[in-house]
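**Q** Need a 3D model of the sequence below.
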Amino acid sequence: MLSGSGSVRGKGSRGSFSALKLLVFGLLLVGTSAKVYQRCELARTLKRFGMDGYYKYSLANWVCMAYFESRYNTLAINRNTRHGMVWSTDYGIFQINSKWWCDDQKTKGGKNICKLRCDDLLNDYLGDDCKCAKIIVTQSKGMSAWVGWKNHCKGRDVEYFVRGCGV
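**A** Modelled structure (predicted):
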């Protein structure tokens, strides 16, 4: 037992239990190193990982896709359902799918073509995200594999996404 204010006491202490839950939640958040990138910060990061011109797609296309897939949020998760059942999940800033590209240990029949855990896509390090995105773009339908890119970026002037970023 700890003493002083905010101490953890016996079973009868509701406030202390809530404080403990809050502490554990806070520690989990710190451990994830999640991040919502700013537009130019993401552009510079993606350029550093070789995305500019990769498979003939401009850096602006990659930044545009990330915006419409996750709003630049590395913790973004989207569960894909059919008939009320989750059949796959999209993870991270590029919304990489567990049915084909990463392993979440939940998706039945998942292929894990990128050979990585889906949880590894939920942090601020984008090296593994970029490596997998390069595999996706070369082994599927190009950037059309991402619905966000196909619906909002394809065939449009996307230079805004890197304008003023110095990249």
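
**Q** Low-confidence regions, this structure specifically.
**A** The chain contains residues with pLDDT under 70 at 1-32.

**Q** in it, which spans are strands?
**A** Here the chain has its strands, by DSSP state E, at 77-82, 85-91, 96-97.

**Q** between the second one and strand 77-82, how many degrees?
**A** Strand 85-91 and strand 77-82 meet at an angle of 150 degrees, taking axes from the mean of the first three to the mean of the last three CA atoms, to 10 degrees as the criterion.

**Q** which of the residues in strand 85-91 are buried?
**A** 88-91 (16 or more other CB atoms under 10 Å). C-beta here means a position set from N, CA and C on the backbone, and glycine is covered the same way.

**Q** now swap in the first one and tell me
**A** Under the neighbour-count criterion of 16+ other CB under 10 Å, strand 77-82 has nothing buried.

**Q** Run through the neighbouring helices and strands of that strand.
**A** Applying 3 or more CB pairs under 8 Å, 6 or more residues apart in numbering; DSSP states H and E, one finds that strand 77-82 contacts strand 85-91.

**Q** rerun that using 10 Å as the cut-off
**A** helix 59-70, strand 85-91 (3 or more CB pairs under 10 Å, 6 or more residues apart in numbering; DSSP states H and E).

**Q** residues making contact with that strand?
**A** Here strand 77-82 makes contact (CB atoms under 10 Å, 6 or more residues apart in numbering) with 69-70, 85-92, 95, 97-99, 104, 106-107, 118, 121-122.

**Q** picking up where we left off before, how about TSV for the strands of the chain, with distance to residue 61 added?
**A** Listed next are the strands of the chain as TSV, based on distance: least, CB to CB, whole Å:
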stretch	distance to residue 61
strand 77-82	20
strand 85-91	19
strand 96-97	17
